[in-house]
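**Student:** This is the structure alone, sequence omitted:
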Ligand SMILES: NC(=O)C1=CN([C@@H]2O[C@H](COP(=O)(O)OP(=O)(O)OC[C@H]3O[C@@H](n4cnc5c(N)ncnc54)[C@H](OP(=O)(O)O)[C@@H]3O)[C@@H](O)[C@H]2O)C=CC1
Ligand SMILES: Cc1cn([C@H]2C[C@H](O)[C@@H](COP(=O)(O)OP(=O)(O)O[C@H]3O[C@@H](C)C(=O)[C@@H](O)[C@H]3O)O2)c(=O)[nH]c1=O
């Protein structure tokens, strides 16, 4: 590879893995500087990217605080939709290949348990809507050279840096909590960020296009995940299933945002995610020793 690759969100959970992996290649990497590149100011984005003239754009940056998006829909729309639209326009103008990471949160209002690429997304909250609008902006403005990957509940970051559910559960265990409560009436699929980053490197090389779901096999609850973490870490306390109403949040979470792919296995078997418990175990191992 000898591409010039422009990365947004290079400091995020997923972006760090990808930027690290790319630093071992011959690619020239430009990680968007937060002072000059601000999603909340989409007007500046187009000219900034045009000046850089990348031939690959990896768009990971987003407003990922689902509850903040619900409280401030304009922020969600500007950062996740309008900024993405400018990035897609800039990709088209540069002739660049564009990767956009979307979310299983684009689904949910239909009330199904699991969604594949043929299901038409209907989101339940503003974060999901803004990510879906981002997808549509990518398709409309960079029609020939884009890849959209929908990830599930992302696991990654590792010790001290995981700010999502798995990180919170491990922190409680480390703090000596006698009991863990975990939501059992909301479902989803996990995506291990390391596996996704490996797939992304492969996709850059292939200039793969289209829309794909990328998640480990299984539609599960946070309670299932907490129990699996408890087993892996020999946690001796109780793990109690609770209703989501126990954790009042601004944004409604869908009953299920489980995703599976109809198409991934047609690409390359070697980079497909595995069974959710095995992929979770790989990640949890990074917290041990
Ligand atoms: N985390 C998850 O569970 C899932 C995430 N996704 C999607 O995957 C992608 C990557 O997510 P993830 O790595 O978890 O995200 P993180 O929340 O870990 O990181 C977000 C990234 O976006 C940057 N960013 C946030 N706001 C702005 C802004 N206003 N201007 C410029 N940059 C900004 C952050 O920069 P800084 O460090 O400077 O704040 C950071 O690099 C996102 O598009 C997200 O929607 C999809 C499914 C699940
Ligand atoms: C702290 C804690 C939370 N929970 C539950 C409450 C709530 O349902 C859920 C919140 O976890 P998270 O913050 O990881 O979840 P959330 O913010 O919903 O994660 C989402 O992030 C965005 C970026 C996406 O794209 C989505 O697909 C999804 O991954 O965990 C427990 O069950 N037990 C606990 O001890």
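**Tutor:** That came in fine, so what should we check first? All values reported here derive from a predicted model rather than from experimental measurement. Ligands and ions are numbered 1, 2, ... in the order given.

**Student:** So which bits of the stretch 101-250 of the chain are right by ligand 1?
**Tutor:** 101, 103, 131, 151, 153-154, 164 (C-beta under 6 Å from any ligand atom). From N, CA and C alone the C-beta is placed, and that goes for glycine too.

**Student:** wait, residue 115 sits on residue 107?
**Tutor:** Yes - assessed by C-beta atoms under 8 Å, residue 115 is found in contact with residue 107 at 4.3 Å.

**Student:** okay, and the common contacts of the two?
**Tutor:** Both residue 115 and residue 107 are in contact with 121, 257, 259, where contact means C-beta atoms under 8 Å, 6 or more residues apart in numbering.

**Student:** From residue 97, how far off is the last one?
**Tutor:** What it means is residue 259. 23 Å (C-beta to C-beta, to the nearest Å).

**Student:** The two: which is more packed in?
**Tutor:** For residue 259 versus residue 97, neighbours defined as other C-beta atoms under 10 Å are more numerous around residue 259 (27 against 24).

**Student:** In this protein, what residue comes closest to ligand 1?
**Tutor:** Closest to ligand 1 within the chain is residue 12: 2.4 Å, counting by C-beta to the nearest ligand atom.

**Student:** Quick check: pLDDT value at that residue.
**Tutor:** Looking at residue 12, its pLDDT is 95.

**Student:** Now do it against residue 58, distance only.
**Tutor:** 11 Å.

**Student:** more crowded one of the two?
**Tutor:** residue 58 (29 against 21).

**Student:** residues contacting the more buried one?
**Tutor:** Contacts for residue 58 (C-beta under 8 Å, 6+ apart) come out as 5-8, 15, 18, 99, 200, 204.

**Student:** if I've got this straight, it is in a strand?
**Tutor:** Yes - judged by DSSP: H, G, I helix; E, B strand; the rest coil, residue 58 forms part of a strand.

**Student:** Model confidence score at it, please.
**Tutor:** Note on residue 58: pLDDT of 98.

**Student:** before we move on, what about residue 245?
**Tutor:** The model's pLDDT for residue 245 equals 95.

**Student:** for ligand 2, what are the nearby residues on the stretch 151-289 of the chain?
**Tutor:** So far as C-beta under 6 Å from any ligand atom goes, the stretch 151-289 of the chain lies against ligand 2 at 153-154, 164-165, 168, 181-183, 186, 222, 244, 247, 253, 257.

**Student:** ok, so of the residues you listed, who is nearest residue 90?
**Tutor:** residue 154 (25.5 Å; C-beta to C-beta).

**Student:** Could you grab the helix/strand/coil label for that closest one?
**Tutor:** strand.

**Student:** So is stretch 12-26 next to ligand 2?
**Tutor:** No - with C-beta under 6 Å from any ligand atom as the criterion, ligand 2 is not reached by stretch 12-26; the gap is at least 9.0 Å.

**Student:** Work out the gap between that stretch and the centre of the chain.
**Tutor:** Here stretch 12-26 is found 15 Å from its chain centre; the criterion is C-alpha atoms, centre = their mean, to the nearest Å.

**Student:** Likewise for stretch 52-68?
**Tutor:** With C-alpha atoms, centre = their mean, you get 10 Å for stretch 52-68.

**Student:** Between the two ends of that stretch, what distance do you get?
**Tutor:** Length of stretch 52-68, first residue to last, C-alpha to C-alpha, to the nearest Å: 31 Å.

**Student:** Which element, helix or strand, includes residue 37?
**Tutor:** For residue 37, there is no enclosing helix or strand under DSSP states H and E.

**Student:** Which residue, other than its chain neighbours, is closest to it?
**Tutor:** Nearest residue to residue 37, sequence neighbours excluded (C-beta to C-beta, 6 or more residues apart in numbering): residue 48, at 5.8 Å.

**Student:** Count the neighbours of that neighbour for me.
**Tutor:** Neighbour tally, residue 48, other C-beta under 10 Å: 18.

**Student:** Please identify which helix or strand holds it.
**Tutor:** helix 42-52.

**Student:** Which elements pack onto that helix?
**Tutor:** Helix 42-52 is packed against strand 4-8, helix 83-94, with contacts defined by 3 or more C-beta pairs under 8 Å, 6 or more residues apart in numbering; DSSP states H and E.
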